[in-house]
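Enquirer: sequence and predicted model, in that order:
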Amino acid sequence: MAIANFEEKFIKYAELVVKIGLNVQSGQKMIVRAETNTAPLVREITAIAYQIGSPLVTIIWVDEQVKKIRHQYAPRDSFDEYASWVLDGIAQEIKEGAAFLQVASPDPELLKGMDPEAVSTSRSVFAKHRKPIGELQGQNAVQWTVICPPTLDWAKHVFPEADMDAALESLWENVFTLCRLDQDDPVALWQKHIADLDERRKALTKKAYTGLHLRAPGTDLRLGLPAGHIWAGGGGKSSKGYPFVANIPTEEVFTLPHKDQTEGMVSSTRPLSYYGNMIENFSLTFSKGKVVKLSAEKGEDVLREMVETDGTAGFLGEVALLPHQSPISQSNIVFLNSLYDENASCHLALGSAYKFNLEGGPAMSNEEFAEVGGNTSLIHVDFMFGSGELDVDGIRADGTTEPVMRAGEWAFDL
Ligand code: ZN
Ligand code: ZN
């Protein structure tokens with residue numbers, strides 16, 4: 001790798017994940033679900049976790065080429081088979097207090113050209129079996145973190161013109177910059193960044209808007225915000241009170257929209273890779289909270305299937321705001337990976353809302369949560385609608401509005 005001080009930045013990355021992302025405590029176990037193509041980083045992370053006193057780091061390895069091989073060769077009627085004990089085991093570790101790390105950087109077109117029915121079946125079977133883990137994450141039961149380190153199969157799609165080595169190098173260089181790892185003391189920088197996001201989210205929570213109005217070319221959307229909604233962002237807190245950062249990098253503040261109050265149209269501003277298939281230049285029209293019309297220049301079938309995953313996949317579960325001037329959007333790269341692309345742009349998520357975004361939410365049953373406007377679904381898929389042309393208004397209880405964002409930037413001071 002021709003990157004200056006690669007080894008040093010690589011170790012800082014692993015440190016950032018263990019100390020700021022997961023904030024693993026001495027005596028706390030760790031459970032990791034990781035792709036085999038990220039093994040060198042996972043080994044480094046494991047070493048650091050043991051050094052700070054974790055008594056056991058368990059890695060569940062998965063391999064995306066094996067996933068592709070299944071789609072190529074397995075019997076066509078076999079895609080509802082799933083070894084559920086694997087995900088049940090992860091959920092069990094989380095329930096027993098282990099910090100949870102997910103390391104995956106999917107090839108954005110891994111399953112391109114595969115039998116769509118098999119892809120859709122295996123996707124929804126996976127989502128069904130993963131549900132208990134998603135619910136534990138939604139309650140912040142333990143510290144949890146998602147990271148996507150560069151891999152060759154991913155880099156090829158981001159820099160298709162470059163040769164393989166150069167593509168991988170460019171991706172590493174960008175990830176180091178976006179994670180602030182090219183600077184002297186990333187852990188200290190992150191503490192400051194998280195504190196800034198925390199101030200922004202607190203200010204928005206205090207405003208207690210009843211809704212938001214989003215306007216940009218191709219977008220004119222009104223969202224309701226339920227009473228008691230909480231803006232989150234930067235760091236979360238586990239049920240035991242340990243601060244952690246769920247996404248590295250992260251630039252967003254976000255809350256839950258009222259699931260039944262979305263009206264109007266929104267257009268995507270970045271492509272979306274969904275389970276190994278691309279969806280591009282798409283629009284969704286909502287009425288009474290639900291997607292009633294959709295179109296996409298590419299991947300319309302995949303989008304339709306996604307929205308029809310279950311009865312609630314066509315409702316919103318998240319609205320996230322971040323300035324257009326964020327480091328990730330300034331990189332001007334389309335990463336084809338939601339962790340980076342969603343932190344480059346204001347986004348919405350179809351599907352489940354996070355219960356921690358609502359006062360008293362984590363203690364609610366799904367029925368109670370739905371009653372006050374919280375959506376629960378098998379999916380949670382972020383898609384990007386932000387741009388330098390986006391205006392956002394906050395709607396107050398008396399119906400008057402005030403600017404929240406203008407031309408993609410924050411329009412209120414802290
Ligand atoms: Zn988000
Ligand atoms: Zn999301």
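Expert: Thanks, I have the structure now. Ligands and ions are numbered 1, 2, ... in the order given.
Enquirer: hang on, isn't Ala313 packed against Ile379?
Expert: Yes - counting by Cβ atoms under 8 Å, Ala313 touches Ile379, with 5.0 Å between them. Bear in mind the C-beta positions are built from the backbone N, C-alpha and C, glycine included.
Enquirer: what touches both of the two?
Expert: Residues touching both Ala313 and Ile379 (Cβ atoms under 8 Å, 6 or more residues apart in numbering) are 306, 350-351.
Enquirer: among these, which ones are in strands?
Expert: Within the shared contacts of Ala313 and Ile379, residues falling in strands by DSSP state E are 350-351.
Enquirer: just put the shared contacts of Ala313 and Ile379 in JSON lines and tack on pLDDT and distance to Gln261.
Expert: Below are those laid out as JSON lines (pLDDT from 0 to 100; distance: Cβ to Cβ, whole Å):
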{"residue": "Met306", "pLDDT": "95", "distance to Gln261": "21"}
{"residue": "Leu350", "pLDDT": "98", "distance to Gln261": "15"}
{"residue": "Gly351", "pLDDT": "97", "distance to Gln261": "16"}
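Enquirer: show me the contacts for the residue in the stretch 301-414 of the chain that ligand 1 sits nearest to.
Expert: Residue nearest to ligand 1 within the stretch 301-414 of the chain (Cβ to the ion): Ala320, separated by 3.8 Å. Taking Cβ under 8 Å, 6+ apart, we find Ala320 in contact with 252-254, 342, 346-349, 382.
Enquirer: please name the residues that touch the nearest residue to it once chain neighbours are set aside.
Expert: Using Cβ to Cβ, 6 or more residues apart in numbering and skipping the chain neighbours, the partner closest in space to Ala320 is Phe254 (3.6 Å). When contacts are counted by Cβ under 8 Å, 6+ apart, Phe254 is found next to 231-233, 318-321, 357.
Enquirer: and for Gly236, the neighbour number?
Expert: If you count neighbours by other Cβ atoms under 10 Å, Gly236 ends up with 19.
Enquirer: using the three-state scheme, assign it.
Expert: With DSSP: H, G, I helix; E, B strand; the rest coil as the basis, the three-state label of Gly236 is strand.
Enquirer: what distance do you get for it to Ser267?
Expert: 30 Å (Cβ to Cβ, to the nearest Å).
Enquirer: also Ile94?
Expert: From Ile94 to Ser267 the distance is 37 Å (Cβ to Cβ).
Enquirer: repeat that for Ile379.
Expert: Distance, Ile379 to Ser267, using Cβ to Cβ: 20 Å.
Enquirer: neighbour count winner among these two?
Expert: Counting neighbours by other Cβ under 10 Å for Ile379 and for Ser267 shows that Ile379 has the greater number, 22 against 18.
Enquirer: looking at it, that one is touching Thr309, isn't it?
Expert: Yes - using Cβ under 8 Å, Ile379 is in contact with Thr309, at 5.0 Å.
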